[in-house]
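> pasting the sequence and the predicted model now:
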Amino acid sequence: MTHAITVEQTGGPEVLRWTSVDVGKPGPGQALIRHTAIGLNFIDVYFRTGLYPAPLPFTPGMEGAGIVEAVGEGVTDLTPGDRVGYGQSPLGAYAEHRLVPAEKLIKLPDWITDEVAAAMLLQGLTAQYLLRQTFHVKHGDTILIHAAAGGVGLLASQWANALGATVIGTVGSAEKAALAAANGCHHVILYRDEDVVAKVREITNGQGVDVVYDGVGKDTFERSLDSLRRRGLMVSYGNASGAVPPFDVGLLNKKGGLFITRPSIQHYAGTRAELLSMADDLFAVVKGGQVKVNIHQRFALRDAADAHRALESRVTTGATVLVP
């Protein structure tokens with residue numbers, strides 16, 4: 001027997017329960033992983049609350065790192081003892097041990113620690129598809145990143161800066177503003193104290209930004225649209241404040257012939273070849289020093305409820321890991 005966090009009914013952080021579970025042996029195409037670190041992400045909250053439905057009961061989490069302990073039939077590129085990580089898997093990461101589809105596992109280079117891998121893969125792969133695929137950021141672009149001091153925000157801001165873009169970030173406190181400025185943001189807007197749209201227009205000489213990356217959702221949606229240049233792109237990739245309500249598509253025409261997309265990682269890392277290519281791109285910028293991964297909070301896995309409370313209250317910055 002091993003232990004995992006289970007959710008028997010959706011709700012607040014209190015529904016996260018530390019329980020004994022029987023993992024079993026790996027089946028065809030699977031690997032048994034002993035976790036050494038697990039990533040905390042806002043998508044975990046969406047599943048816990050039921051915003052993203054999942055069959056009950058379930059174990060949350062989609063990102064982790066650890067050691068392969070056994071492999072099932074047909075798995076030829078992994079062996080027991082391999083260090084691996086993943087950032088795109090079925091639910092189940094909040095566990096001491098788990099079974100993972102081998103096609104979702106990425107062998108870790110020696111220079112990456114397990115905690116850094118667990119902290120960077122989902123958020124880093126998200127930054128990769130946002131910046132290199134959803135909108136191909138290049139030198140001279142001006143971009144707006146909401147929650148710039150969050151996990152994805154810090155990685156994306158550094159990466160976009162390295163690509164030559166002018167990076168504008170929004171944050172909720174002076175402390176987070178300093179962190180965002182130290183991690184690639186050329187301009188930081190305190191959204192609680194300043195008019196985001198007015199500041200963006202001031203920074204861009206009235207033009208607006210080329211693209212907005214919005215992982216906040218309901219609270220920032222209209223401000224995001226109003227911050228775009230003519231024919232700009234709104235990338236809505238998260239719902240930290242709640243889901244964006246239905247809107248009249250004619251609004252996009254009214255505000256300048258805008259584009260909008262709602263991407264997610266499974267549409268970019270849908271094949272193993274795509275996943276490994278994205279991971280190679282991410283590893284290259286981390287190894288090259290353009291993107292630094294800093295773990296700002298650690299919680300014991302059994303204290304996952306406390307980690308969720310901290311995440312939802314927006315007191316966390318950057319990456320957080322759960323340690324079995």
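Perfect, I can see it now.
> not counting sequence-adjacent ones, nearest residue to the residue most central in space within the chain?
Geometric centre of the chain, nearest residue: Gln123, 3.2 Å, by Cα atoms, centre = their mean. Using Cβ to Cβ, 6 or more residues apart in numbering and skipping the chain neighbours, the partner closest in space to Gln123 is Gly151 (4.3 Å). From N, CA and C alone the C-beta is placed, and that goes for glycine too.
> and that neighbour, what does it touch?
Taking Cβ atoms under 8 Å, 6 or more residues apart in numbering as the contact definition, Gly151 lies against Asn41, Ala119, Gln123, Gly318, Ala319, Thr320.
> among the residues you listed, which are located in helices?
In helices, judged by DSSP state H, the following of the contacts of Gly151 are found: Ala119, Gln123.
> pick the one among the contacts of Gly151 closest to Asp195.
Nearest to Asp195 among the contacts of Gly151 is Gly318, at 26.4 Å by Cβ to Cβ.
> how close does the closest one get to Ala181?
As judged by Cβ to Cβ, to the nearest Å, Gly318 and Ala181 stand 14 Å apart.
> repeat that for Asp281.
Computed as Cβ to Cβ, the Asp281 to Ala181 distance reads 25 Å.
> buried subset of the contacts of Gly151?
Asn41, Ala119, Gln123, Gly318, Ala319, Thr320 (16 or more other Cβ atoms under 10 Å).
> so what would you say the end-to-end distance of stretch 258-268 is?
23 Å (Cα to Cα, to the nearest Å).
> buried ones in that stretch, by neighbour count?
Neighbour-count burial for stretch 258-268 flags Leu258, Ile260, Pro263, Ile265, Tyr268 (criterion: 16+ other Cβ under 10 Å).
> quick revisit: of all the buried ones among the contacts of Gly151, which comes closest to Ala54?
Nearest to Ala54 among the buried ones among the contacts of Gly151, counting by Cβ to Cβ, is Asn41 at 14.6 Å.
> the closest one against Glu63, yeah?
Yes. With contact defined as Cβ atoms under 8 Å, Asn41 reaches Glu63; the gap is 6.2 Å.
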